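>>> Need a 3D model of the following:
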Amino acid sequence: MELGRLSNGERISGISAILLFAFMCLHWFGSKDSGELRLFSVDRTAWEALDYIPTILLITIVVTLAAVVLRPPNPVRKPPIPVNAVVAILGVVSALLILLRILEPPNFGSFREIWGTITIEGTVQFPTFLALFAAAGITFGGCLALREERPAQSG
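Modelled structure (predicted):
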């Protein structure tokens, strides 16, 4: 694969997809227990703390990287829906799901102890915001690549 044949938008979306995958392995959420004693410290990655969102993010990453790596140099037939449009849409969905979890972090449960009930609430860590920017980068790159390929279609 030649990097020179990629458009700027494809480069941006590809790099953003790789970064999003890396950020998903970092701690997205910490813990804040509501008990009187600070006995628990829970740090969770996106894979550990979220139910279905990591699967959607992984689909976004795979589709984005496939669109970049498997891009034919001179396609004979154009697909009915441009691949970069799919990348941009998946980027928007991913960014919205991450934003949802920033606004409403997960709870890690509550239980009774001798000292009373302890609720472990999730707190957002910095890598979550980095993941949001990476998802926005996928969206931006997909839109830019879509815009860059339009003049080639009209000629």
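>>> Show me where this protein dips below the pLDDT cut-off.
Screening the chain residue by residue with the criterion pLDDT under 70, one finds the ranges 1-4, 32-42, 72-76, 108-120, 150-155.
>>> Which parts of it are strands?
Read by DSSP state E, the chain holds these strands, from start to end of the chain: 27-33, 44-45, 107-113, 116-124.
>>> how close does V62 get to G122?
Distance check for V62 against G122: by CB to CB, to the nearest Å, it reads 27 Å. The way it works is simple: take the backbone N, C-alpha and C, and place the C-beta from them, glycine included.
>>> Between the two, which has more neighbouring residues?
Neighbours were counted for V62 and for G122 using other CB atoms under 10 Å; G122 has more, 20 against 13.
>>> Is the more buried one bridged to anything, and to what?
When assigned by DSSP bridges, G122 has beta-bridge partners S31.
>>> Do I have it right that it meets L103?
No. Shown here, G122 and L103 do not form a contact pair, counting by CB atoms under 8 Å, at 11.9 Å.
>>> which ones are touching the closest residue to S16 other than its chain neighbours?
In space, and not counting its chain neighbours, S16 is closest to G137: 3.1 Å by CB to CB, 6 or more residues apart in numbering. With contacts taken as CB atoms under 8 Å, 6 or more residues apart in numbering, G137 has the following neighbours: 12-13, 15-16, 19, 91.
>>> same deal with A88?
A88 is in contact with 138-139, 142-143, 146, counting by CB under 8 Å, 6+ apart.
>>> Identify, from those, the entry nearest to K78.
K78 lies nearest to L146 out of the contacts of A88, by CB to CB, at 12.2 Å.
>>> what about the helices in the chain?
For the chain, applying DSSP state H gives helices covering 8-24, 46-49, 53-69, 83-103, 126-154.
>>> between G122 and L103, what contacts are shared?
Listed contacts common to G122 and L103 are nil; contacts here mean CB under 8 Å, 6+ apart.
>>> ok, for C25, nearest residue in space, not its chain neighbours?
In space, C25 comes closest to T45 once its chain neighbours are excluded; the distance is 5.8 Å by CB to CB, 6+ apart.
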